[in-house]
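**Student:** with the input below, show me the fold.
(chains A, B, C and D, ligands or ions: 4)
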There are 2 protein chains.
Amino acid sequence: MQIVRKNLTFQLDKPILYMMTKKRRRLLELLQESVQPLSAQQVYEQMEESLDMATVYRGLKYLEEAGEISSFLLDCSERGVERYYSQSSSCHRHFLHCVSCHSFTSLNECPLGSLEKIEKETGFRVEEHYLTLKGTCEKCQINVRGK
Amino acid sequence: MQIVRKNLTFQLDKPILYMMTKKRRRLLELLQESVQPLSAQQVYEQMEESLDMATVYRGLKYLEEAGEISSFLLDCSERGVERYYSQSSSCHRHFLHCVSCHSFTSLNECPLGSLEKIEKETGFRVEEHYLTLKGTCEKCQINVRGK
DNA sequence: AAAAATATGCAAATCGTTCGCAAAAATTTG
DNA sequence: CAAATTTTTGCGAACGATTTGCATATTTTT
Ligand SMILES: [Mn+2]
Ligand SMILES: [Mn+2]
Ligand SMILES: [Zn+2]
Ligand SMILES: [Zn+2]
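**Tutor:** Ligands and ions are numbered 1, 2, ... in the order given. Coordinates of the predicted model:
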């Protein structure tokens, strides 16, 4: 127990038994450099050095467990269900998804007010929430024909 | 064009070329009778008469296109990603998901205020939104050991 | 009643993701 | 440092929910 490997560039909330390797660090950097959340496939395509898809999935899982990145599901009518990954910035975020060009825009703040009213009304203890907004981004509204 | 088959118990927004069969009607009834949203698998299990899984999927797709039901994705850490179906009641709804007993509770009203502020801030035209709240339901808070 | 259209069951295909295993890389031990 | 141990990686196979093709059954139209 409590055996934590070295070679970590970040503090772990809970000790996990693995290592931060070159490939995993590169995965993380890619997501930190990207303004947009990326799917596993997109991460894979943006990797310069070759990397097996299974390793991408394992790496993303590792980084998410370590708290460095977080993911959400997007149910896009054109592209189907995809999981998107982004760095875990300080606080939680919500994204707007453009149904035309499929880009994401980050919200500055959470549009959900206090959840107390909901908790009182339902008796629920609310622990997490996920919000996805879909619509058309500024660019796509101008280029009416889409991208 | 504009050929719409008979045997429909509801009005279609857009004409579609298929029929409301006994089996599809039973699918719809099941969802209308259920307080909880149901997954394709749950619908399948609750059908008394035998029905192929492919027919369940095709039927649910048909009903959703006809606007009679709607679906959303749930990303549950225990059960993975599942699509849930429920009748399309008058207005859009949001659900609370209990991470202990996996039940759903419906919110009375949408906790999202006006989206105008977001639209101004981001330039986005918001067309849809999906909100999932996760937490612990009243029962599960009492039975601390979960269901 | 016969012809045309659509739904259904069944089996196979699909596709993103996960898994098992042997080889490679990183870490620990002495 | 080299040897022993642990973890990661690539590769191919497995997985599982959903979709698809096709022959047959059901429903609708004529
Ligand atoms: Mn929020
Ligand atoms: Mn709402
Ligand atoms: Zn756009
Ligand atoms: Zn519960």
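
**Student:** quick one: pLDDT of the closest residue to ligand 2 within chain A?
**Tutor:** The nearest approach of chain A to ligand 2 comes at A:Leu131, 9.1 Å away (CB to the ion). For glycine as for every other residue, the C-beta is placed from the backbone atoms N, C-alpha and C. According to the prediction, A:Leu131 has pLDDT 92.

**Student:** list the residues that contact it.
**Tutor:** A:Leu131 makes contacts with A:94, A:110-112, B:112, B:129-132, as judged by CB atoms under 8 Å, 6 or more residues apart in numbering or on different chains.

**Student:** what do you get if the cut-off is 7 Å, keeping everything else the same?
**Tutor:** Under the criterion of CB atoms under 7 Å, 6 or more residues apart in numbering or on different chains, the contact list for A:Leu131 reads A:94, A:112, B:129, B:131.

**Student:** what's the answer for A:Val126, then?
**Tutor:** Taking CB under 7 Å, 6+ apart as the contact definition, A:Val126 lies against A:115, A:118-119, B:133, B:135.

**Student:** mind listing what the strand ranked longest in chain A pairs with, with the direction of each?
**Tutor:** Under DSSP state E, the strand in chain A containing the largest number of residues is strand A:125-136. Strands adjacent to strand A:125-136 in the sheet, as given by DSSP bridges, are strand A:95-98 (parallel), strand B:125-136 (antiparallel).

**Student:** how about it: buried residues?
**Tutor:** When neighbours are counted by 16 or more other CB atoms under 10 Å in any protein chain shown, the buried residues of strand A:125-136 are found to be A:126, A:129-136.

**Student:** could you list the low-pLDDT ranges of chain A?
**Tutor:** For chain A, residues meeting the criterion pLDDT under 70 lie at A:1-18, A:90, A:144-147.

**Student:** domain assignment for it?
**Tutor:** Chain A breaks down by automatic domain parsing into domains covering A:1-88, A:91-147.

**Student:** what sits closest to the residue of chain A found nearest ligand 1 if chain neighbours are left out?
**Tutor:** Scanning chain A for the residue nearest ligand 1 gives A:Cys110, at 3.1 Å (criterion: CB to the ion). Of all residues not flanking A:Cys110 in the chain, A:His94 sits nearest, at 6.3 Å (CB to CB, 6 or more residues apart in numbering or on different chains).

**Student:** pull the number of nearby residues for the one you found.
**Tutor:** Burial of A:His94 is recorded as 22 neighbouring residues (other CB atoms under 10 Å in any protein chain shown).

**Student:** quick one: the helices in chain A?
**Tutor:** Residue ranges of the helices in chain A, as given by DSSP state H, are A:22-33, A:40-46, A:53-65, A:116-122, A:138-142.

**Student:** distance to ligand 3 for the domains of chain A - can I get that in CSV?
**Tutor:** Formatted as CSV, the entries for the domains of chain A read as follows, by distance: least, CB to the ion, whole Å:
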stretch, distance to ligand 3
domain A:1-88, 12
domain A:91-147, 3
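
**Student:** TSV for those domains, including distance to B:Glu65?
**Tutor:** Output for the domains of chain A, formatted as TSV (distance: least, CB to CB, whole Å):
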stretch	distance to B:Glu65
domain A:1-88	11
domain A:91-147	17
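
**Student:** nearest to DNA strand C among these would be which one?
**Tutor:** Closest to DNA strand C of those is domain A:1-88 (CB to the nearest atom of the strand; 2.8 Å).

**Student:** and the closest one, is it in reach of chain B?
**Tutor:** Yes: when contact is scored as CB under 7 Å from any CB of the partner chain, part of domain A:1-88 falls within range of chain B: A:73, A:75, A:81.

**Student:** nearest to B:Gln141, of those?
**Tutor:** A:Leu73 (26.7 Å; CB to CB).

**Student:** name the nearest residue to that closest one, ignoring sequence neighbours.
**Tutor:** On the basis of CB to CB, 6+ apart, the spatially nearest residue to A:Leu73 that is not a chain neighbour turns out to be B:Asp75, at 5.1 Å.

**Student:** just give me the neighbour total for the one you found.
**Tutor:** B:Asp75: 17 neighbours (other CB under 10 Å).

**Student:** how far away is it from B:Lys139?
**Tutor:** Using CB to CB, to the nearest Å, one obtains 22 Å as the distance from B:Asp75 to B:Lys139.
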